[in-house]
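**Q** could you work out the structure for the sequence below:
(2 chains)
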There are 2 protein chains.
Amino acid sequence: MIILGIDPGSRITGFGVIKVQAKECLYVTSGCIRITKEATAERLKQIQDGINDIVAAYQPTEAAIEQIFMFQNPGAALKLGQARGVAMCALANQNLTVNEYSAKQVKQAVVGNGNATKFQVQHMVQSFLQLSSKPQADAADALAIAICHFHSRNSLQFIPGANKIVRGRLR
Amino acid sequence: MIILGIDPGSRITGFGVIKVQAKECLYVTSGCIRITKEATAERLKQIQDGINDIVAAYQPTEAAIEQIFMFQNPGAALKLGQARGVAMCALANQNLTVNEYSAKQVKQAVVGNGNATKFQVQHMVQSFLQLSSKPQADAADALAIAICHFHSRNSLQFIPGANKIVRGRLR
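**A** Sure, this is the predicted structure:
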């Protein structure tokens, strides 16, 4: 199983790819799609093209993205929504089901505390994937989302019959 | 010149196509992409696929969409942003430059009053395009956006040298 985590943003979209082998999580790659274009439609196309390139290169079998509930600034919500929508649609175009996890779920899965700081997430991602240095913040968030999906998939397998029942929702 | 106007929404995305012949606006088609899927990524893909079908069928040469500034509800802004982002990216994928107009500009262009009601917009779209009945509300908004782009393009041609200067921004 190869999991692609996406942390969308209107300026920087983080991505992280992990591979699951014998129930262990291995780091594959991570990084950022940095938006350089000026016109909104072109900026969004850059996110889509970046995701298409990542999917072509690493052939993920599952995808996960952060679920967003709360905002203080509606203007920022609109911009983030545009980036998130394009990212989700790009994943759907590649026949990947997009699993959504809240920030709380991601932090809980990676740090064990739903209110963990960004620094704690970065630190735990580095430790969990045995990386020699801390990944960039957006890449770390994307890897954390992928790790959260791995834990969610994994824990379901320990509940007798759960995998069978839940597969329809997850796949 | 064939202009496609898009009024994006998370449930219904309106579209309207007009043709410009000898500086006159002719109605081509209009309607709605109605979202039936449940999963967010699949819903967004429906918007993208709908726009792809419209572009394939009517071969627009220009595209216009509403520019959004203000929101009262950040949750709604996120959802609208997702739909709008996918619509803009789908148009960019088809090599169409996406021209953005504020609601005020659209109402001013169609009704002559930036604070016009939805009903007034519907009425003036029907009258301007000589339609036998009022178009559905979202389709009327999309046609109004297309008409606004027509007026904007047209008025620039009357300013000596403007077309040459502004073409870079519009095209």
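**Q** in three-state terms, label residue A:106 for me.
**A** Here residue A:106 is recorded as helix under DSSP: H, G, I helix; E, B strand; the rest coil.
**Q** tell me the contacts of it?
**A** Applying CB atoms under 8 Å, 6 or more residues apart in numbering or on different chains, we find residue A:106 in contact with A:66, A:121, A:141, A:144, A:145, A:148. The C-beta positions use only the backbone N, C-alpha and C, and glycine is treated the same way.
**Q** hmm, try it at 10 Å
**A** A:5, A:7, A:64, A:66-67, A:114, A:116, A:121, A:141, A:144-149, A:151-152 (CB atoms under 10 Å, 6 or more residues apart in numbering or on different chains).
**Q** okay, now the unreliable bits of chain A?
**A** Applying pLDDT under 70 to chain A flags the ranges A:70-71, A:155-171.
**Q** nearest to chain B: which residue in it?
**A** The shortest separation between chain A and chain B is 2.2 Å, found at residue A:81 (distances taken as CB to the nearest CB).
**Q** coming back round to it: show me which of the contacts of residue A:106 are buried.
**A** With burial judged by 16 or more other CB atoms under 10 Å in any protein chain shown, the buried subset of those is A:5, A:7, A:64, A:66-67, A:116, A:121, A:141, A:144-149, A:151-152.
**Q** still on that earlier bit, keep only the contacts of residue A:106 that also lie close to chain B.
**A** With CB under 10 Å from any CB of the partner chain as the criterion, the subset of the contacts of residue A:106 in contact with chain B comprises residue A:67.
**Q** the contacts of residue A:106 in helices, which ones?
**A** Among the contacts of residue A:106, DSSP state H puts A:121, A:141, A:144, A:145, A:146, A:147, A:148, A:149, A:151, A:152 in helices.
**Q** need the residues you listed in TSV with distance to residue A:110, can you?
**A** As requested, the ones in helices among the contacts of residue A:106 are exported to TSV (distance: CB to CB, whole Å):
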residue	distance to residue A:110
A:121	6
A:141	10
A:144	5
A:145	9
A:146	10
A:147	5
A:148	6
A:149	11
A:151	8
A:152	12
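**Q** let me know the closest of these to residue A:85.
**A** Taking CB to CB as the measure, residue A:145 is the one of those closest to residue A:85, at 16.8 Å.
**Q** helices of chain A, start to end?
**A** Under the criterion DSSP H, chain A contains helices at A:40-58, A:74-93, A:103-111, A:118-128, A:137-157, A:162-170.
**Q** which ones are touching the spatially closest residue to residue A:106 that is not a sequence neighbour?
**A** Leaving out its chain neighbours, the residue that sits closest to residue A:106 by CB to CB, 6 or more residues apart in numbering or on different chains is residue A:148, at 4.4 Å. When the contact criterion is CB under 10 Å, 6+ apart, the partners of residue A:148 are A:3, A:5, A:64, A:66, A:99, A:101-103, A:105-110.
**Q** and for residue A:124?
**A** If you count contacts by CB under 10 Å, 6+ apart, residue A:124 has them with A:107, A:109, A:110, A:111, A:112, A:113, A:116, A:140, A:143, A:144, A:147.
**Q** identify the farthest-apart pair in those.
**A** Largest separation among the contacts of residue A:124 by CB to CB: A:113 and A:143, giving 17.4 Å.
**Q** just send the helices of chain A back as JSON lines, with distance to residue B:28 too.
**A** Output for the helices of chain A, formatted as JSON lines (distance: least, CB to CB, whole Å):
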{"stretch": "helix A:40-58", "distance to residue B:28": "22"}
{"stretch": "helix A:74-93", "distance to residue B:28": "26"}
{"stretch": "helix A:103-111", "distance to residue B:28": "45"}
{"stretch": "helix A:118-128", "distance to residue B:28": "50"}
{"stretch": "helix A:137-157", "distance to residue B:28": "43"}
{"stretch": "helix A:162-170", "distance to residue B:28": "42"}
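**Q** with respect to burial, which of those scores highest?
**A** With neighbours defined by mean count of other CB atoms under 10 Å in any protein chain shown, none of the helices of chain A is more surrounded on average than helix A:74-93, at a mean of 26.
**Q** so what does that one touch, helix or strand wise?
**A** Using 3 or more CB pairs under 10 Å, 6 or more residues apart in numbering or on different chains; DSSP states H and E, the elements in contact with helix A:74-93 are strand A:2-7, strand A:12-21, helix A:40-58, strand A:62-67, strand A:98-102, helix B:40-58, helix B:74-93.
**Q** what's the closest of these to residue A:136?
**A** The stretch from the helices and strands packed on helix A:74-93 with the least distance to residue A:136 (CB to CB) is strand A:12-21; that distance is 7.4 Å.
**Q** ok, the closest one near chain B or not?
**A** No - applying CB under 10 Å from any CB, one finds strand A:12-21 out of contact with chain B, separated by at least 11.9 Å.
**Q** so which bits of that strand are buried?
**A** A:12, A:13, A:14, A:15, A:16, A:17, A:18, A:19, A:20.
**Q** just give me the closest of those to residue B:127.
**A** Checking these against residue B:127 with CB to CB, the nearest one is residue A:13 at 44.6 Å.
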